[in-house]
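Structure of the sequence below:
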Amino acid sequence: MTDLTTHYMGLSLKNPIVPSASPLSKKVSGIRQMEDAGAAAVVMYSLFEEQIDMEALAQHHFIEQATFVSAEATAYFPKAADYNRGPDGYLELIRAAKAAVDIPIIGSLNGVTPGGWTRYARLIEEAGADALELNVYLIPTRTDVAGPEIEQVYLDVLRQVKASVSVPVAMKLSPFFSALPHMAQRLDAAGADALVLFNRFYQPDFDLEELTVTPNLVLSRSEEMRLPLRWIAILYGHVKASLALTTGIHTPEDVLKAMMAGADVANVASVLLTEGPGKITELIQGVSAWMEAREYNSIHMMQGSLSQRSTAEPAAFERANYMKVLGSWR
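Residues are numbered from 1 along each chain as shown. Next comes the predicted model:
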């Protein structure tokens, strides 16, 4: 029988399919549906920094910094209640989820500044979360802020949270670091139990009639997984932290590619939002059938088999690939 088990930041999981933060985890019923469909763990929807205690985070200062003293920009933030149920409701949902399901529950904090992360990291742990994912959603727009300062934000948040909790901590990364392997190594050395590649930055659009900047949600496609696929394949074997591939997982083949690159889990969201939690069962069955047909006994057998350190053509992940692709067009 095919062994689909995997290990992710110290957690033993029955398979590599882990739904990432999404509206599907806003209710216990949704979390239970994902467990029933076969999810190995669930990352809770994010608790946003803007929802956390104003005094602890100096929210007024944060908003001023983020909007660069534009009076109109402050109106762009939705009311805290519009994000989700708020900090207390979030903690209660984690408690209820832990009582209702048997799979690991991973809390999610989304923010920029260190302020309230540590306090709510502890509260999320106390509520029963088995692990925590930190989502530093930071868009550097100031011309006087250098790259090392941005990197330091990630490191400071990670170190402060790690010092305040005992559960494993994952860091969700942006693909825009100038030297991603070096940044991954620094986070690994700072104690990250997992690196999640990549955070998906939603790009705003323009309304030409109203002359306004508008939010624009576009769900992922399978092709988008190539960016995290490449970097996980490069990082595999060079960091101790677990690796999670998020963005673009839609098919069993996508999951298999993630494993062969070196990922420990494949995070899914967009495909579940469009096709429902039952899609998880289809993904698991497809992965299992593919492995059985090719005599793979376990996920472990294939993990990292197409990583840069394992492939016969390491240059395929570097400049040679660029030249080969351009030369292939007819």
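
Quick one: the helices in the stretch 51-200 of the chain, in order.
54-57, 59-67, 80-83, 86-100, 117-126, 147-164, 180-189 (DSSP state H, counting those that start in this stretch).

for the longest one, which positions count as buried?
In other words, helix 147-164. Ile150, Glu151, Val153, Tyr154, Leu155, Val157, Leu158, Arg159, Val161, Lys162 (16 or more other CB atoms under 10 Å). C-betas here are computed from N, CA, C, even on glycine.

on that earlier part again, how about the helices of the stretch 51-200 of the chain in a markdown table, adding distance to Leu197 and mean pLDDT?
Rendered in a markdown table, the data for the helices of the stretch 51-200 of the chain read as follows (distance: least, CB to CB, whole Å; pLDDT from 0 to 100):
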| stretch | distance to Leu197 | mean pLDDT |
| --- | --- | --- |
| helix 54-57 | 27 | 45 |
| helix 59-67 | 25 | 45 |
| helix 80-83 | 25 | 48 |
| helix 86-100 | 25 | 94 |
| helix 117-126 | 21 | 90 |
| helix 147-164 | 13 | 93 |
| helix 180-189 | 9 | 98 |
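
possible to save those as CSV with distance to Val42?
Compiled in CSV, the helices of the stretch 51-200 of the chain are given as follows (distance: least, CB to CB, whole Å):
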stretch, distance to Val42
helix 54-57, 26
helix 59-67, 28
helix 80-83, 19
helix 86-100, 8
helix 117-126, 14
helix 147-164, 20
helix 180-189, 23
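
Need the winner for burial among those helices.
helix 117-126 (a mean of 20; mean count of other CB atoms under 10 Å).

Which elements pack onto it?
Packing partners of helix 117-126 (3 or more CB pairs under 8 Å, 6 or more residues apart in numbering; DSSP states H and E): helix 86-100, strand 105-111, strand 131-136, helix 147-164.

Can you give the distance from the first one to the centre of its chain?
Here helix 86-100 is found 20 Å from its chain centre; the criterion is CA atoms, centre = their mean, to the nearest Å.

Can you show me the strands along the stretch 201-330 of the chain?
For the stretch 201-330 of the chain, the strands defined by DSSP state E, counting those that start in this stretch occupy 205-207, 212-214, 242-246, 265-268.

Of these, which is nearest Ala293?
strand 265-268 (19.4 Å; CB to CB).

Any chance you could list what contacts that closest one?
6, 8, 13, 16-20, 40-41, 43, 196, 242, 244-247, 249-250, 254-255, 258-259, 279-280, 283 (CB atoms under 8 Å, 6 or more residues apart in numbering).

Show the buried residues in the residues you listed.
Of those, these count as buried by 16+ other CB under 10 Å: 6, 8, 13, 16-20, 40-41, 43, 196, 242, 244-247, 249-250, 254-255, 258-259, 279-280, 283.

Keep only those of these that are in helices.
Using DSSP state H, the subset of the buried ones among the contacts of strand 265-268 located in helices is Asp254, Val255, Ala258, Met259, Lys279, Ile280, Leu283.

I'd like to know how far the last one sits from Ala263.
Think Leu283. According to CB to CB, to the nearest Å, Leu283 stands 14 Å off from Ala263.

ok, how many other residues are close to Gly286?
16 (other CB atoms under 10 Å).

Kindly apply the preceding question to Ala21 instead.
22.

where does it land on pLDDT?
On pLDDT, Ala21 comes in at 94.

just checking, it touches Phe48?
No: Ala21 is not in contact with Phe48 according to CB atoms under 8 Å; the separation is 10.9 Å.

distance of Ala121 from Leu91?
Counting by CB to CB, the separation of Ala121 from Leu91 is 12 Å.

I misspoke; the intended subject was Ala266.
Distance of Ala266 to Leu91, computed by CB to CB: 28 Å.

With Asp207 instead?
Taking CB to CB, one finds Asp207 at 37 Å from Leu91.

surely Phe48 meets Trp117?
No: counting by CB under 8 Å, Phe48 does not reach Trp117; the two are 11.5 Å apart.

Pull up the overlap in contacts between those two.
Counting by CB under 8 Å, 6+ apart, the residues touching both Phe48 and Trp117 are Gly111.

Glu125 is in contact with Ser166, correct?
Yes: counting by CB under 8 Å, Glu125 is a contact partner of Ser166 at 7.0 Å.

Nearest spatial neighbour of Met291, chain-adjacent residues omitted?
Nearest non-adjacent residue to Met291, counting by CB to CB, 6 or more residues apart in numbering: Thr2, 4.9 Å away.

likewise Glu49?
That would be Gly111: by CB to CB, 6+ apart, it lies 2.8 Å from Glu49.

how deep is that neighbour tucked in, by neighbour count?
By the criterion of other CB under 10 Å, Gly111 has 24 neighbours.
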